[in-house]
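# no sequence on hand, only this structure:
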Ligand SMILES: Cc1ncc(C[n+]2csc(CCOP(=O)(O)OP(=O)(O)O)c2C)c(N)n1
Ligand SMILES: [Mg+2]
């Protein structure tokens, strides 16, 4: 179906080719899944069924989908506080993911992780991480272990523009470049770290940081899944061939709040016009326009069903029992003392 | 009879585990040269892809060990300075320690963190002389402070084989200890304490290098009071059962440990004993002062550290 790629082109922009072996409809489907999942999750936050809120990924879907589509099922990722899109794009079950957000025993992490810690090792997801920049060295370590084991696994580590100013990320970039580790450093530059614009926080640039370590980098249109996929495919090939890490900076935008808590406090750090301008280049519309209208309608209907089923699954799943609150704390099975002395 | 030094015991334990298990490797600064003695000679024997020099990037390589552990390796990390543990508290307490629970048991993080010279090194002053094992006990990371060469060997072996993160503090003041080793060196289980000297009047819990101090005091005061010297060996998880048995016999407790007083290990031992164990007299502890920063001048450094005279006074106080 790769030939579809060149057919429908959004006004004025040449569409990048869809790399061989990729299904343009599949890319759209994956983005639609994330969008609907997030809309559903927002509803569950509102209804109180998800406690603690979420960092919605809406607007940034092309990044997760483009990157994960360039990976093989056996490849790995680490994710961030804004991680739902990464987890779904890498192939986790949306029902188990939603159950996790609702704190259910059937969730990916059996209700022990929640939105910011979703992990699904069987799908190659070594965990979302709630600490900005925190996952990058973990990803580098996993890449290092894979290479030592003689595997050609590649790992993509997602992080936001905010992480560009975390020392540990820079330490990790140095080590990954020095040791030629198969890591893709995927910077989702959505223009803001919470309310702080990148222009107010980042001296130099993402690519400048990569260059400092002799690491190649590419800045791509993060609203176009094919652009992300193309750049990532090249980076994956390098990494798999033992040529080391690449930094991919995807220019993107979150339509919604930094966190759902922002819906309750009115903050003014960006303009409505700015949001509207980005929405004009919606990643789902860009890729959707490359598909026959009927295909798109079909996918939309299918995803609506998937999400409805996921919501039903999450809602009807049992909550974990409080006696097991510290289950899994120690892999060795150690049980610590309770908070109160016995007797 | 072979004399084994504490430093050599750690080195031998690491070598034996590198030999036994291909997934074990060691990462750190200057570990190829072996400047801290811990890894001396090991790069030559096992190669520089198992004994790996890292840049001075503790935060990155500490979490890299976590990532490697998630993929089946058993990394050992060496820290040149105890206070580097403050720098990587995030990576150990907030990442490695939490992964098993947060993932609902999907993964384990078998990493061992070794500080081959913790506490005062005499003359290294404020930023090189901390002994923060209570911090790790507080967050629930398995924490061991061996007192003798054979325990250093046995506990390190157990730490490397353990499926959870483990921090091993090797007190600088114990690194030079030597022991006559008559039997084969064997693993020592994490979480098991040992009575170093039996006694009937007072239990002295002593940690790490302070076990030697407690044994000296017990000998000195032998005609006056019968002292049981209790070496926890592991500060988390603590062997409460053995301590309860000891206090059942003595009913009196003194703790000497190299923690700051507020929220230090001594506080936990006293609190637990008071809540749950047999005591006939108010217990005492000897430790570093609140908020201690070790000053440079030797006399000042020593003035801050718990030691012989304070221990004697504390024992006499609980015997009153
Ligand atoms: C080390 C660290 N500092 C602060 C925070 C609080 N925090 C959570 S998300 C965030 C902003 C992150 O911005 P960015 O990396 O650009 O990601 P985005 O939210 O835009 O996706 C901050 C400051 C944190 N989680 N970790
Ligand atoms: Mg951002």
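Received the coordinates, thanks. Here the structure is a predicted model, which is why all the values come from computation and not from measurement. Numbers count the residues shown, from 1 in each chain, chains lettered A, B, ... in the order given. Ligands and ions are numbered 1, 2, ... in the order given.
# show me where the chain has its strands.
You didn't say which chain, so I picked chain A. Assigned by DSSP state E, the strands in chain A fall at A:76-78, A:155-160, A:183-189, A:192-193, A:196-197, A:217-221, A:246-251.
# sorry, I should have been clearer: chain B.
Taking DSSP E as the test, the strands found in chain B are B:2-5, B:24-28, B:51-53, B:74-78, B:112-118, B:142-144, B:166-171, B:178-181, B:194-197, B:202-206, B:227-231, B:234-236, B:253-260, B:284-288.
# using CSV, lay out those together with mean neighbour count.
Backbone N, C-alpha and C define where each C-beta goes, glycine included. Shown next, in CSV, are these (neighbours: other CB atoms under 10 Å in any protein chain shown):
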stretch, mean neighbour count
strand B:2-5, 14
strand B:24-28, 23
strand B:51-53, 19
strand B:74-78, 26
strand B:112-118, 28
strand B:142-144, 27
strand B:166-171, 28
strand B:178-181, 15
strand B:194-197, 17
strand B:202-206, 29
strand B:227-231, 27
strand B:234-236, 25
strand B:253-260, 28
strand B:284-288, 24
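# and the strands of chain A: which comes nearest residue A:46?
Counting by CB to CB, residue A:46 lies closest to strand A:192-193 out of the strands of chain A; the figure is 22.9 Å.
# ok, that closest one near ligand 1 or not?
Yes: using CB under 6 Å from any ligand atom, strand A:192-193 comes into contact with ligand 1 via A:192, A:193.
# picking that back up, which among the strands of chain A is found nearest to residue A:334?
Using CB to CB, the strands of chain A put strand A:76-78 closest to residue A:334, at 26.5 Å.
# a markdown table for the strands of chain B, including distance to chain A and mean pLDDT?
Shown next, in a markdown table, are these (distance: least, CB to the nearest CB, whole Å; pLDDT from 0 to 100):
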| stretch | distance to chain A | mean pLDDT |
| --- | --- | --- |
| strand B:2-5 | 28 | 91 |
| strand B:24-28 | 8 | 98 |
| strand B:51-53 | 9 | 98 |
| strand B:74-78 | 8 | 98 |
| strand B:112-118 | 13 | 97 |
| strand B:142-144 | 7 | 98 |
| strand B:166-171 | 10 | 98 |
| strand B:178-181 | 28 | 94 |
| strand B:194-197 | 19 | 98 |
| strand B:202-206 | 17 | 98 |
| strand B:227-231 | 19 | 98 |
| strand B:234-236 | 8 | 98 |
| strand B:253-260 | 16 | 97 |
| strand B:284-288 | 19 | 97 |
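# show me the one of those strands that comes nearest residue A:215.
Per CB to CB, nearest to residue A:215 of the strands of chain B: strand B:51-53, 20.5 Å.
# still on that earlier bit, to residue A:189, which of the strands of chain B lies closest?
Residue A:189 lies closest, by CB to CB, to one member of the strands of chain B: strand B:24-28, at 31.6 Å.
# just checking, what packs against the closest one?
helix B:6-20, strand B:51-53, helix B:58-70, strand B:74-78 (3 or more CB pairs under 8 Å, 6 or more residues apart in numbering or on different chains; DSSP states H and E).
# would you give the sheet partners of that strand, along with the direction of each?
Strand pairing for strand B:24-28, determined by DSSP bridges: strand B:51-53 (parallel), strand B:74-78 (parallel).
# bridged to the nearest residue to residue B:273 once chain neighbours are set aside, which residues?
Distance criterion CB to CB, 6 or more residues apart in numbering or on different chains; nearest residue to residue B:273, sequence neighbours excluded, is residue B:253 at 5.3 Å. For residue B:253, the beta-bridge partners are residue B:203 (DSSP bridges).
# so how far is residue B:269 from residue B:253?
7 Å (CB to CB, to the nearest Å).
# for residue B:230, same thing?
Separation of residue B:230 from residue B:269 (CB to CB) stands at 10 Å.
# name the residues contacting each of these two.
B:205, B:243 (CB atoms under 8 Å, 6 or more residues apart in numbering or on different chains).
# and whatever residue of the stretch 101-250 of chain A ends up closest to chain B, how far is that from residue A:122?
Nearest residue of the stretch 101-250 of chain A to chain B, counting by CB to the nearest CB: residue A:141, 2.5 Å away. According to CB to CB, residue A:141 and residue A:122 sit 19 Å apart.
# local confidence estimate at residue 30?
Using chain A here. pLDDT for residue A:30: 98.
# actually chain B
95.
# report the beta-bridge partners for the nearest residue to it once chain neighbours are set aside.
Among residues not flanking residue B:30 along the chain, residue B:53 sits closest, at 6.6 Å (CB to CB, 6+ apart). Counting by DSSP bridges, residue B:53 is bridged to residue B:28.
# now do the contacts for residue B:53.
Neighbour list for residue B:53: B:28, B:29, B:30, B:31, B:32 [criterion: CB under 8 Å, 6+ apart].
# and residue B:56, what does it touch?
Contacts for residue B:56 (CB under 8 Å, 6+ apart) come out as residue B:29.
# residue B:109 now?
So residue B:109 contacts A:331, B:66, B:69, B:70, B:96, B:97, B:99, B:100, B:164, B:165 (CB under 8 Å, 6+ apart).
# most neighbours of all those, which one?
Within the contacts of residue B:109, neighbour counts (other CB atoms under 10 Å in any protein chain shown) peak at residue B:165, which reaches 30 neighbours.
# so residue A:108 touches residue B:105, yeah?
No: at 11.6 Å, residue A:108 does not count as touching residue B:105 under the criterion of CB atoms under 8 Å.
# so for these two, which sits in the more crowded spot?
residue A:108 (29 against 16).
# and residue B:261, how many neighbours?
17.
# can you check the pLDDT for it?
On the pLDDT scale, residue B:261 is placed at 96.
# same deal with residue A:5?
32.
# OK, contacts around the residue in the stretch 201-343 of chain A positioned nearest to ligand 2?
Distance from ligand 2 to each residue of the stretch 201-343 of chain A (CB to the ion) is smallest for residue A:254, at 7.5 Å. Listed by CB under 8 Å, 6+ apart, the contact set of residue A:254 reads A:56, A:57, A:58, A:59, A:60, A:82, A:190, A:192.
# shaky segments in chain B?
B:1 (pLDDT under 70).
# in the chain, which residue is closest to the centre?
Assuming you mean chain A. When CA atoms, centre = their mean is applied to chain A, the residue found nearest the centroid is residue A:86 (2.7 Å).
# oops, chain B please
residue B:145 (1.5 Å).
# would you check that residue B:181 makes contact with residue B:148?
No: Residue B:181 is beyond contact range of residue B:148, at 9.9 Å (criterion: CB under 8 Å).
# separation between residue A:249 and residue A:205?
8 Å.
# more neighbours: these two, which one.
Between residue A:249 and residue A:205, counted using other CB under 10 Å, the more crowded position is residue A:249 (23 against 16).
# got a list of what whichever residue of the stretch 201-343 of chain A sits closest to chain B touches?
The minimum distance from the stretch 201-343 of chain A to chain B, using CB to the nearest CB, falls at residue A:331 (3.2 Å). When contacts are counted by CB under 8 Å, 6+ apart, residue A:331 touches B:100, B:105, B:107, B:108, B:109, B:110, B:163, B:164.
# before I go, just wanted to say thanks for your time.
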